[in-house]
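K.L.:
using only what follows, build the 3D model:
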Amino acid sequence: MGTWGHRNFENDAALDFVIEVEDNGVKVINEILDRVAVLPEENYLEVDDSVAVLAAIEFVAAAKGKQSEDFPEGAEDWLAKTEAGPLVSQDLARMKKVIDRVRNNSELRDLWQEEGDEPGEWLAVLSDLEDRIS
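P.N.:
Numbers count the residues shown, from 1 in each chain. Okay, the predicted model is just below:
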């Protein structure tokens, strides 16, 4: 996965997602949220989708004025020029369901366990994200 850390923007795939949002707009955020939300529960969530959907939800939190410490500067600039309405009106229950999906049945979760790290810090980041979107 390249460089990565516990926070949602401490990996290369999330930063690639930011660039995609900057280039293509809110539709990229909606597309990943829609794709993951309708994925059957028994389907394994791949790491790239896990990282992208968490980054997408971070955009929602930032639009609500609750951005993470590691929210990229370029994303801040993009958000300042963007109508926040479509982001802040995202369905809260759906976003929490998606976060739970990443937390419980995803390749990202498995990678944290394979690292030999207790995923406690990563799980705390997910809980913080849930709090910030509420």
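K.L.:
what kind of secondary structure is the closest residue to residue 69 other than its chain neighbours in?
P.N.:
In this structure, residue 69 finds its nearest non-sequential neighbour in residue 7, 7.2 Å apart by C-beta to C-beta, 6 or more residues apart in numbering. Using the backbone N, CA and C atoms, a C-beta is placed for each residue, glycine as well. Put simply, residue 7 is coil when judged by DSSP: H, G, I helix; E, B strand; the rest coil.
K.L.:
so residue 7 sits right up against residue 71, yeah?
P.N.:
No. Between residue 7 and residue 71 there is no contact under C-beta atoms under 8 Å: 9.5 Å.
K.L.:
dump stretch 29-44 to PDB, restricted to CA.
P.N.:
What follows is stretch 29-44, C-alpha atoms only, in PDB (Å, rounded to 0.1, in the frame of the first residue of the first chain):
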ATOM      1  CA  ILE A  29     -17.000  11.200  -3.100                       C
ATOM      2  CA  ASN A  30     -20.600  10.200  -3.900                       C
ATOM      3  CA  GLU A  31     -19.400   7.400  -6.100                       C
ATOM      4  CA  ILE A  32     -17.200   5.700  -3.500                       C
ATOM      5  CA  LEU A  33     -19.800   6.100  -0.800                       C
ATOM      6  CA  ASP A  34     -22.500   4.600  -3.000                       C
ATOM      7  CA  ARG A  35     -20.300   1.700  -4.200                       C
ATOM      8  CA  VAL A  36     -19.300   0.700  -0.700                       C
ATOM      9  CA  ALA A  37     -22.700   1.300   0.900                       C
ATOM     10  CA  VAL A  38     -24.500  -1.200  -1.400                       C
ATOM     11  CA  LEU A  39     -21.700  -3.800  -1.400                       C
ATOM     12  CA  PRO A  40     -23.200  -7.000   0.100                       C
ATOM     13  CA  GLU A  41     -22.000  -7.400   3.700                       C
ATOM     14  CA  GLU A  42     -20.300 -10.800   3.000                       C
ATOM     15  CA  ASN A  43     -18.200  -9.200   0.200                       C
ATOM     16  CA  TYR A  44     -14.600  -8.400   1.300                       C
END
